[in-house]
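J.: Any chance you can model this:
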Amino acid sequence: MTPTALLIPTYKQMLQALALWLRKAEAQVEDSDALLSARLAPDMFPLSTQVRFACRQAYEGVYRLRHEPFPAAIDVLLDEGRNAGDHPGTMAEALARVDEALVFLDTLAPDALDAGAGQPLELELPMGLTFDLEGEGYARDWALSQFYFHLMTAYAILRNQRVDLGKADYVQHMFAFLRPGTAPAG
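T.: Numbers count the residues shown, from 1 in each chain. Just a heads-up that it's a prediction; the model follows:
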């Protein structure tokens with residue numbers, strides 16, 4: 001499987017799911033904007049950060065595999081996420097970030113990331129760690145895991161705040177493959 005075939009559909013499916021979760025939260029919680037400050041633990045980032053970092057991971061995977069510098073908009077997302085404890089923003093702003101990421105992903109060619117598959121990639125983290133990977137390893141071992149970490153933390157925060165979400169909300173993309181006549185009645 002190519003990096004494009006692995007990452008882009010995954011990013012799109014799961015960002016669409018994230019948008020659904022946030023919209024459900026809006027519909028179910030009187031002050032849904034307050035949810036953006038919710039955390040699973042005192043030393044974890046809030047929901048607002050998890051949403052922004054999930055979006056940022058989608059951009060980051062694309063730019064790193066294309067060996068292109070990050071545009072300023074990605075740094076804005078990072079700064080918004082890092083400062084979300086003090087400035088969580090609104091649910092509308094969080095949804096806009098998800099929508100912007102989805103629009104960006106829709107602009108990519110079917111092979112947009114594939115040239116970077118076998119190329120060396122240097123992943124430098126802010127705390128001074130540097131990893132030397134090839135593009136495929138980066139996609140598999142870093143890009144996906146980081147994306148899912150923030151996505152699942154957002155899901156867990158929403159569930160913890162009593163937003164009515166279930167497994168079907170998490171795997172909504174699978175219903176396109178549902179064999180007719182196999183869904184439970186009722």
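J.: When you work out contacts or count neighbours from here on, use the C-alpha atoms and nothing else.
T.: Noted.
J.: And the residue most central in space within the chain, which helix or strand is it part of?
T.: Most central in the chain under Cα atoms, centre = their mean is Ala54, positioned 2.8 Å from the mean C-alpha point. According to DSSP states H and E, Ala54 maps onto helix 47-65.
J.: circling back: the residue nearest to the centre of the chain against His150, yeah?
T.: Yes - applying Cα atoms under 8 Å, one finds Ala54 in contact with His150, separated by 5.2 Å.
J.: on that earlier part again, check the offset of the helix holding Ala54 from the chain's centre.
T.: Here helix 47-65 shows a centroid-to-chain-centroid distance of 6 Å under the convention Cα atoms, centre = their mean, to the nearest Å.
J.: Give me the distance from the very next helix or strand once past it to the chain's centre.
T.: Sequence order places helix 72-82 as the next helix or strand after helix 47-65, per DSSP H and E. With Cα atoms, centre = their mean as the basis, helix 72-82 stands 14 Å off its chain's centre.
J.: quick one: contacts for Asp114?
T.: Thr2, Pro3, Thr4, Leu65 (Cα atoms under 8 Å, 6 or more residues apart in numbering).
J.: same thing with Leu78?
T.: Contacts of Leu78 (Cα under 8 Å, 6+ apart): Arg52, Phe53, Arg56.
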